[in-house]
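Q: what follows is a predicted protein model with its sequence.
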Amino acid sequence: MAEHPQHQTVHRTGHRAGPGSGETEFARKLGAKEARKMEARQLGAQRKVTRTIWSGFGMMGLVGWSVAVPALGGIALGVWLDRHFATRHSLTLTMLMVGLAIGCLNAWRWVVREEREMHEEHEVKDE
């Protein structure tokens, strides 16, 4: 019994697949994998559009604030400690350094995460 042409699918290799054509499990898995890749590329393209110069400035601001807020918090805590406890050394400077260290670690974490996401996007694009 001959198959109707509208029920057949022609793959890139030129092989016809359709009901009763003996399409293998491998071919179905390959088709599903290709569909996932195409979807990932489309998502990557949409995300790339949202990464503009303004989002770059926003990221710089985010990194800056992630350093500035802990540093300012350290200064405030240090001033309070200096007023309430008499010590030989300035606790304000000590807390400033602690706040800067925390802020730099926080900024480093943000930068590493963004870099990882960029590499993942690049890998998806290359596949």
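A: Nice, I can see it.
Q: nearest residue to residue 103 other than its sequence neighbours?
A: residue 67 (3.6 Å; C-beta to C-beta, 6 or more residues apart in numbering). Backbone N, C-alpha and C define where each C-beta goes, glycine included.
Q: actually residue 104, sorry about that
A: Spatial nearest neighbour of residue 104, chain neighbours left out: residue 67 (6.1 Å); criterion: C-beta to C-beta, 6+ apart.
Q: can you check residue 95 too?
A: Nearest to residue 95 is residue 78, by C-beta to C-beta, 6+ apart, at 3.3 Å.
Q: sorry, back to before: the helix or strand the residue nearest to residue 104 falls within: what's the following helix or strand?
A: Using DSSP states H and E, residue 67 sits within helix 53-84. Sequence order places helix 91-126 as the next helix or strand after helix 53-84, per DSSP H and E.
Q: for that following helix, buried residues please.
A: Across helix 91-126, burial judged by 16 or more other C-beta atoms under 10 Å covers 91-92, 94-96, 98-100, 102-103, 106-107, 121.
Q: if I look at the nearest residue to residue 100 once chain neighbours are set aside, how far off is residue 34?
A: Nearest residue to residue 100, sequence neighbours excluded (C-beta to C-beta, 6+ apart): residue 71, at 5.0 Å. Distance, residue 71 to residue 34, by C-beta to C-beta, to the nearest Å: 50 Å.
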